[in-house]
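>>> All I have is the shape, not the residue letters:
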Ligand code: FES
Ligand code: FES
């Protein structure tokens, strides 16, 4: 067993983990972070996306034992994040989810996309979301939701609040 200390959703935690335990299984089974979904478990579908040290990452292909000192955020920890709040609204308005399986990871990836200072285009959003697979294939609504959130967040005053929780407010800082 390996002892690790890391920060999860802003709180320092200590744990003992098997050397081969994936970060995704650690988060789901030991830390009850059930927004972390498991699809392919091979780094392909994006369902297990989390924020690791300020960057989005696939937790199924990371080993928990290698993450001593890491800073991890899951969607549970981003509940009060202002960018996630906007995305939650636009996903609802634009019908950006069906079964919801891909949604937590889509929200985390979308948060990164809308934090970019660049003007969003449909093609750019589709490309940025390419690593997140929606098995319900509801991409049109998801893309509309991200574009709509991007527009909303570019309104005066919105940008300052965006990303405040984890300090990942611009793509450049990732
Ligand atoms: S479950 Fe991690 S990328 Fe598919
Ligand atoms: S909404 Fe069902 S997998 Fe995307």
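Everything's here; your move. These numbers were taken from a predicted model, which means no experiment stands behind them. Residues are numbered from 1 along each chain as shown. Ligands and ions are numbered 1, 2, ... in the order given.
>>> what about the residue nearest to the spatial centre of the chain, is that helix, strand or coil?
Nearest residue to the geometric centre of the chain (C-alpha atoms, centre = their mean): residue 108, 2.3 Å. Using DSSP: H, G, I helix; E, B strand; the rest coil, the structure places residue 108 in helix.
>>> For it, give its distance to residue 147.
The gap separating residue 108 from residue 147 is 17 Å, by C-beta to C-beta, to the nearest Å. To be clear about C-beta, it is placed using only N, CA and C from the backbone, and glycine gets the same treatment.
>>> Kindly report the same for residue 11.
Taking C-beta to C-beta, one finds residue 11 at 34 Å from residue 147.
>>> more crowded one of those two?
Using other C-beta atoms under 10 Å as the criterion, residue 11 and residue 147 rank with residue 147 on top: 20 against 8.
>>> Could you list the residues in contact with the helix or strand the more buried one falls within?
Assigned by DSSP states H and E, residue 147 belongs to helix 139-153. Contact with helix 139-153 is made by 83, 86-87, 89-91, 93-97, 106, 110, 113-114, 120, 122, 125-126, 129, 134, 158-159, 162, as judged by C-beta atoms under 8 Å, 6 or more residues apart in numbering.
>>> Those: which ones sit near ligand 2?
Residues of those in contact with ligand 2 (C-beta under 6 Å from any ligand atom): 97, 134.
>>> Kindly supply the PyMOL command isolating those of the contacts of helix 139-153 that are buried.
Buried residues among the contacts of helix 139-153 (16 or more other C-beta atoms under 10 Å), as a PyMOL selection:
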select buried, resi 83+86+87+90+91+94+96+97+106+110+113+114+120+125+129+134+158+159+162
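>>> Doesn't residue 5 belong to a strand?
Yes. Under three-state DSSP, residue 5 sits within a strand.
>>> In contact with it, which residues are there?
12-14, 68-69 are the contacts of residue 5 under C-beta under 8 Å, 6+ apart.
>>> count of residues packed around residue 153?
Residue 153: 22 neighbours (other C-beta under 10 Å).
>>> okay, it: pLDDT?
Among the per-residue scores, residue 153 shows a pLDDT of 94.
>>> re earlier: quick one: which of the contacts of helix 139-153 sit in helices?
Using DSSP state H, the subset of the contacts of helix 139-153 located in helices is 83, 86-87, 89-91, 93, 106, 110, 113-114, 122, 125-126, 158-159.
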